[in-house]
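A.B. asks: Whatever this is, show me its structure:
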Amino acid sequence: MSGKVFLVGAGPGDPGLLTLRGRELLEAADVVLHDRLGTANVLAFCSPEALLVNAGKAPGDVAMTQDQINAALIEHATAGRMVVRLKGGDPFVFGRGSEEAEALLAAAIPYEVVPGITSAIAAPAYAGVPVTHRGMATAFTVVTGHEDPAKPETQTDWRSLAKGGGTIVVLMGMGRLARITAELQAGGRPATEPVAVVQWGTTTRQRSLHGTLATISDLAEDLGIGSPAVVVVGPVAAKGEKLAWRDGPLQGKSVVVTRARAQASDLSAELRILGAEVIELPTIRIAPLPPGEVRAAIGEIDGYSMLVLTSVNGVDGLFAALDERGEDARAIPASTTIVAIGPATAARLRERGVRADIVPERFVAEGILEALEATELDGARVLVARARGSRPELVDGLRARGADVNEVHLYEAVAEPMRAMELERALSADYLTFTASSTVRHLMEQLPDESRARLESKVISIGPITSQTARDFGLEVAREAGEHTIPGLVAELLADSATG
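C.D. replies: Residues are numbered from 1 along each chain as shown. Purely as a prediction, here's the structure:
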């Protein structure tokens, strides 16, 4: 049975520009053949079980030829696999997607084209350059500056193009920029015509350069601005000096998020809003435990005078067990004292219709014990619902004060195998964030010795326990969140970035 190939445009680099259809297909794909540019930040959407194949091309460095790519698409689809051919930008805008579609058609392989946002409009827009503007440019032309080197002569008549009017957007033209600008001037464009160059457009590495046809080539060379870049020629190019809008406090910084894949989205989204390049490197996966022990505890939940929850995952696990029994928050007696380790856990309880009675000032086990100092615990039945492998201080402290404690393990954090591509990007990141001791432990235990030696990122920790685990593995903690929450962690990252 034949599979199917999806030619998917990844957009120009900002993962937020990937279409919903594109993400849906990446999450379901068995095999993903991806380009070098514009795809790295969206590969995190792929299933951990998906086979990722680098099909990228760079000058002097071709991972796969076009014939090899076509053959691989056909081979995997013929084997019945769902294949995504992930291409930077749009598949049909200088992406050779039509050539791949022709090869699939010839092999009788079904395919679908999923358009992407081309860098020809996205990169200028992110730099504040409109490709059209009333009274200045009513049309724009997109042209490649990098043609097939096997061709005896260029297909692009730059001089005629110059006479056509409107905005000219050049992709892949930095290697021939001096020749292109000279030809456009020879075609009648004035030497003073504004030009904008946007390198690494839509990513956190984005930078822009403004000049004229007469000056832009030398300016780009002096400043070391090269590929990948989009060149915009025309009066609208000058608009970018006034309309540039992208300037977040973490612009230009790369941050590794080690949370479980299912939990990373909130932190990643906030960091991207602040301008950071986010590298999702999930080191753990939240795995539910067999339900027998949980079912027994839930069946007696009305017999406990206190319920202690130490994480958002614990809340989710508890209510999953209640849901399985056809019950909800009403199964928890109103007389039960509810203890939540921190505001995030308390907020998740509120979503389920339960108000936490006690939220300690310090969001650690010792903080819970301090918050309960005035509470009579002798003989009290206490249910502590949390992860397997949690620190013993909480349960030991409650029992030391006479409480009858039933500790129920709802889930455990298990190692998530790391992909080589994500790991390689993480090793050169500016910041490495840890939100739990388990994220530290599973990263360091999987990290080869040679990779550990290359790890120079600043470590930002969510709290003292996590920090100590990092130090135990030989890591230097740059900053620790004063409030042991995700907002607290982000605040410390911002503070560190602002100082240097």
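
A.B. asks: neighbours of Ala28, just the number please.
C.D. replies: 13 (other Cβ atoms under 10 Å). Where C-beta positions appear, they are placed from N, C-alpha and C, glycine not excepted.

A.B. asks: okay but it is in contact with Met82, surely?
C.D. replies: Yes - with contact defined as Cβ atoms under 8 Å, Ala28 counts as touching Met82 (6.2 Å).

A.B. asks: What residues of stretch 258-277 count as buried?
C.D. replies: 258-261, 263-264, 267-268, 270-272, 274-277 (16 or more other Cβ atoms under 10 Å).

A.B. asks: tell me the contacts of Lys253?
C.D. replies: The neighbours of Lys253, taking Cβ atoms under 8 Å, 6 or more residues apart in numbering as the test, are 204, 275-277, 430-431, 497.

A.B. asks: Let's have these in CSV, adding pLDDT.
C.D. replies: CSV is the format used below for these (pLDDT from 0 to 100):
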residue, pLDDT
Thr204, 82
Gly275, 87
Ala276, 89
Glu277, 88
Asp430, 93
Tyr431, 95
Ser497, 92
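
A.B. asks: Kindly indicate which of the residues you listed lies nearest Pro124.
C.D. replies: In terms of Cβ to Cβ, no member of these lies closer to Pro124 than Thr204, at 17.3 Å.

A.B. asks: what are the phi and psi values for the closest one?
C.D. replies: phi -70, psi -10 (degrees, to the nearest 10).

A.B. asks: and if you look at Val255?
C.D. replies: Dihedral angles for Val255 - degrees, to the nearest 10 - are phi -130, psi 130.

A.B. asks: contacting residues for it?
C.D. replies: 271, 276-279, 429-433, 493.

A.B. asks: Using CSV, write down the CA coordinates of the helix or strand containing Leu73.
C.D. replies: Under the criterion of DSSP states H and E, Leu73 resides in helix 66-78. Taking Å, rounded to 0.1, in the frame of the first residue of the first chain, the C-alpha atoms of helix 66-78 are listed here in CSV:
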residue,chain,number,x,y,z
GLN,A,66,17.8,16.5,-5.8
ASP,A,67,17.7,13.1,-7.5
GLN,A,68,18.4,11.5,-4.1
ILE,A,69,15.7,13.5,-2.4
ASN,A,70,13.2,12.5,-5.1
ALA,A,71,14.2,8.8,-4.7
ALA,A,72,13.9,8.9,-1.0
LEU,A,73,10.4,10.4,-1.1
ILE,A,74,9.3,7.7,-3.5
GLU,A,75,11.0,4.9,-1.5
HIS,A,76,9.4,5.9,1.8
ALA,A,77,5.9,6.5,0.3
THR,A,78,6.1,3.2,-1.6
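
A.B. asks: Show only the entries of the contacts of Lys253 found in helices.
C.D. replies: Applying DSSP state H to the contacts of Lys253, the entries found in helices are Ser497.

A.B. asks: and the contacts of Lys253 as TSV, adding distance to Ala340?
C.D. replies: Putting those into TSV (distance: Cβ to Cβ, whole Å) gives the following:
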residue	distance to Ala340
Thr204	35
Gly275	32
Ala276	29
Glu277	33
Asp430	33
Tyr431	28
Ser497	31
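
A.B. asks: between the contacts of Lys253, which is closest to Leu394?
C.D. replies: Among the contacts of Lys253, and counting by Cβ to Cβ, the member closest to Leu394 is Tyr431, at 30.1 Å.

A.B. asks: And the nearest residue to that closest one once chain neighbours are set aside, how far from Thr144?
C.D. replies: Setting aside the residues directly before and after it, Tyr431 is nearest to Val255 in space (Cβ to Cβ, 6 or more residues apart in numbering), at 4.5 Å. The gap separating Val255 from Thr144 is 34 Å, by Cβ to Cβ, to the nearest Å.

A.B. asks: Report whether the expected contact of Arg21 with Val114 is present.
C.D. replies: Yes - with contact defined as Cβ under 8 Å, Arg21 counts as touching Val114 (5.2 Å).

A.B. asks: Between those two, which is the more surrounded one?
C.D. replies: Just comparing Arg21 and Val114: by other Cβ under 10 Å the higher neighbour count belongs to Val114, 23 against 14.

A.B. asks: hey, what's that one bridged with?
C.D. replies: Val8 (DSSP bridges).

A.B. asks: That one contacts Val5, doesn't it?
C.D. replies: No - in this structure, Val114 is not within contact of Val5 by Cβ under 8 Å, at 11.0 Å.

A.B. asks: If you count contacts, what does the helix holding Leu73 end up packed against?
C.D. replies: strand 4-9, strand 31-34, strand 82-87, helix 97-106 (3 or more Cβ pairs under 8 Å, 6 or more residues apart in numbering; DSSP states H and E).

A.B. asks: That one to helix 97-106, inter-axis angle?
C.D. replies: Put simply, helix 66-78 runs at 50 degrees to helix 97-106, going by axes from the mean of the first three to the mean of the last three Cα atoms, to 10 degrees.

A.B. asks: got the buried residues for helix 66-78?
C.D. replies: Quick answer for helix 66-78 (16+ other Cβ under 10 Å): 69-70, 72-74, 76-77.

A.B. asks: Would you mind giving those residues as CSV with distance to Pro333 added?
C.D. replies: Below are these laid out as CSV (distance: Cβ to Cβ, whole Å):
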residue, distance to Pro333
Ile69, 63
Asn70, 65
Ala72, 60
Leu73, 60
Ile74, 63
His76, 56
Ala77, 57
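
A.B. asks: List the buried residues of stretch 182-191.
C.D. replies: Going by neighbour count (16+ other Cβ under 10 Å), the buried part of stretch 182-191 is 183-185, 189.
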